[in-house]
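> Give me a 3D structure for the following:
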Amino acid sequence: MSRLILAAERVRRARLLIQKARDLPVPPDTEAGKYNFSYVAQVKAFLQDARDLIKYIPKTPSATAEIKEQVSQILQEADRANQEILH
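As a prediction, the model looks like this:
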């Protein structure tokens, strides 16, 4: 049985995943640069994992307004990171 991860820990892990996506080195232009399929897939995977970690937090009755606001900010940050990195 998997152990329960608290909302605050999920928020922290989601932020780390978004940072990992930002820190991923862009392949050289000889390998299609930022349009390299492997690079795009890795970035999208990190961002999707971050979203998946926190997507149900606002629906839990124990989530505070502060945590819900942080989740909203992280979702916006993930979308912004996607635009900055891949477009």
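> rest of the way, CA atoms for contacts and neighbours
Fine.
> what's the longest helix in this protein?
Determined from DSSP state H, the single longest helix within the chain is helix 65-86.
> Quick one: mean pLDDT over stretch 41-60.
The average pLDDT within stretch 41-60 is 96.
> What residues of it count as buried?
Val43, Lys44, Phe46, Leu47, Gln48, Ala50, Arg51, Leu53, Ile54, Ile57, Pro58 (16 or more other Cα atoms under 10 Å).
> Show me which of those is closest to Arg3.
For the buried residues of stretch 41-60, the residue nearest Arg3 by Cα to Cα is Leu53; the value is 13.9 Å.
> in which helix or strand would I find the closest one?
Element membership of Leu53, judged by DSSP states H and E, is helix 37-54.
> Stretch 28-48: end-to-end distance?
Its first and final residues considered, stretch 28-48 spans 24 Å by Cα to Cα, to the nearest Å.
> That stretch: how far from the chain's middle?
Relative to the chain's own centre, stretch 28-48 is displaced by 15 Å; criterion: Cα atoms, centre = their mean, to the nearest Å.
> do stretch 56-73 as well
In terms of Cα atoms, centre = their mean, the centre of stretch 56-73 is found 16 Å from the chain centre.
> Mind listing residues that contact it?
Ala7, Ala8, Val11, Ile54, Lys55 (Cα atoms under 8 Å, 6 or more residues apart in numbering).
> Just send the residues you listed back as TSV, with distance to Ile85 too.
Shown next, in TSV, are these (distance: Cα to Cα, whole Å):
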residue	distance to Ile85
Ala7	27
Ala8	26
Val11	21
Ile54	21
Lys55	22
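> and the helix holding Leu53, what does it pack onto?
Packing contacts for helix 37-54, counted by 3 or more Cα pairs under 8 Å, 6 or more residues apart in numbering; DSSP states H and E, involve helix 7-23, helix 65-86.
> got any ranges where this structure has weak pLDDT?
Scanning the chain for pLDDT under 70 picks out 1-2.
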